[in-house]
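Peer 1: model this:
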Amino acid sequence: MTRRLIACGLLVLASVTACGTRTPDNASQTLPTASPTSSSTSSSAPASNTPQALSPNGTRCNSAALKGEVVPTDAGAGNRYGKFVVTNSGTVPCTLDGYSGFQLENASGAVPTKLERKADPGPAALTLAPGGKASANLHWSVVPAGGEPVEGSCQPEPSKVAAIPPNETAPLSMPWTLGPVCSGGRIEISAFYAS
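Peer 2: Next comes the predicted model:
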């Protein structure tokens, strides 16, 4: 009888432990890509770890409803700053909440990308009216690090970005005209905020 109780207790404990894991907001996860390249290519989570927020009509902002662009904002001492701006191009409001996935690409496929989530600003539910905009802050370096070459390009030069809206799976594509991203493609990104 005692062995059965212990075995049942261990089974319950194992099932509870397996169900409650959560990835920290600043952790990297792998973003699936349509055309995988070398094993050194990585990217980050497509969505936030917050509950999936819905607008009053139940629509999350997805890649079919959003248009995106990367806008440079500042540069200095090897650092580059920009904003990933999305616009609701649909005809109904939609809700955006959390972090975007963000994968650099060129004509050969995926380019090394290591996305790091920044806590400021953090996730907050936004309802975008048709034509409404939201932004996520970006920061990266153009200074070679580690074993990257100091002559020429530190990483393959991207020509576009595949970005997955929070809690979605299909990417939207936009041009990247801001040159290579050093430190193995490391880009810091904030959660979306109203802009």
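
Peer 1: Show me what the helix or strand containing Ala134 is packed up against.
Peer 2: Assessed by DSSP states H and E, Ala134 sits inside strand 133-141. In terms of contacts (3 or more C-beta pairs under 8 Å, 6 or more residues apart in numbering; DSSP states H and E), strand 133-141 is packed against strand 79-88, helix 182-185, strand 186-189, strand 193-194. To be clear about C-beta, it is placed using only N, CA and C from the backbone, and glycine gets the same treatment.

Peer 1: So, low pLDDT: which residues of this protein?
Peer 2: 1-58 (pLDDT under 70).

Peer 1: circling back to that earlier point, export the helices and strands packed on strand 133-141 to CSV and tack on mean neighbour count?
Peer 2: Converted to CSV, the helices and strands packed on strand 133-141 look like this (neighbours: other C-beta atoms under 10 Å):
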stretch, mean neighbour count
strand 79-88, 19
helix 182-185, 20
strand 186-189, 19
strand 193-194, 15
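
Peer 1: So which of those is nearest Met174?
Peer 2: Nearest to Met174, of all the helices and strands packed on strand 133-141, is strand 79-88, at 8.5 Å by C-beta to C-beta.

Peer 1: Point out the other helices and strands that the closest one packs with.
Peer 2: strand 66-76, strand 126-128, strand 133-141.

Peer 1: which stretch among these comes nearest Thr113?
Peer 2: strand 133-141 (9.9 Å).

Peer 1: Residues contacting the closest one, please?
Peer 2: Residues from elsewhere that reach strand 133-141 (C-beta atoms under 8 Å, 6 or more residues apart in numbering): 70, 78-88, 96, 99-100, 102, 118, 121, 126, 128, 181-183, 186-195.

Peer 1: still on that earlier bit, would you format the helices and strands packed on strand 133-141 as TSV with distance to Pro166 included?
Peer 2: Formatted as TSV, those follow (distance: least, C-beta to C-beta, whole Å):
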stretch	distance to Pro166
strand 79-88	10
helix 182-185	21
strand 186-189	11
strand 193-194	12
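
Peer 1: among those, which is nearest Asn106?
Peer 2: helix 182-185 (11.7 Å).
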